[in-house]
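> Here is the input, now give the coordinates:
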Amino acid sequence: MMMAGVVVFVIGIVAAGLGGINFYWRAITNKKAWEGIAKPALLIGVVAIVIGLIIIVMAGMQSGQFKF
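Next comes the predicted model:
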């Protein structure tokens, strides 16, 4: 379960990074920066990062690695 959380977390980082790069590129080329894939990719990335962190923490608590 921990590996699934890490995979979702990494996918979120990649998606957010691609959205940020797309935003930056559209801003440099003097186009509307929030149009295109930037907003959906950033949204998907942030949601995937949060879900991945939740899965990682829950798996760690079940296995006894994290103690709160």
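> For the rest of this, base every contact and every neighbour count on C-alpha atoms.
Will do.
> ok, residue 29 to residue 23 distance?
Here the criterion is Cα to Cα, to the nearest Å. By it, residue 29 lies 10 Å from residue 23.
> more neighbours, those two?
residue 23 (22 against 9; other Cα atoms under 10 Å).
> Please, which helix or strand holds the more buried one?
Using DSSP states H and E, residue 23 falls within helix 2-28.
> and the very next helix or strand once past that helix with helix 2-28, angle?
Moving toward the C-terminus from helix 2-28, the next helix or strand (DSSP H and E) is helix 38-63. Relative orientation of helix 38-63 versus helix 2-28 (axes from the mean of the first three to the mean of the last three Cα atoms, to 10 degrees): 160 degrees.
> counting contacts, what elements does helix 38-63 pack onto?
Secondary-structure packing of helix 38-63 (3 or more Cα pairs under 8 Å, 6 or more residues apart in numbering; DSSP states H and E): helix 2-28.
> re earlier: elements contacting the helix holding residue 23?
Packing contacts for helix 2-28, counted by 3+ Cα pairs under 8 Å, 6+ apart, involve helix 38-63.
> Check the offset of the helix it packs on from the chain's centre.
Taking Cα atoms, centre = their mean, to the nearest Å, one finds the center of helix 38-63 at 7 Å from the center of the full chain.
> Give me the buried positions along it.
38-39, 41-42, 44-49, 51-53, 55-59 (16 or more other Cα atoms under 10 Å).
> cool, and stretch 11-28?
Neighbour-count burial for stretch 11-28 [16+ other Cα under 10 Å]: 11-20, 22-23, 26.
> before we move on, back to that, pLDDT averaged over the helix holding residue 23 - what is it?
For helix 2-28, mean pLDDT rounds to 95.
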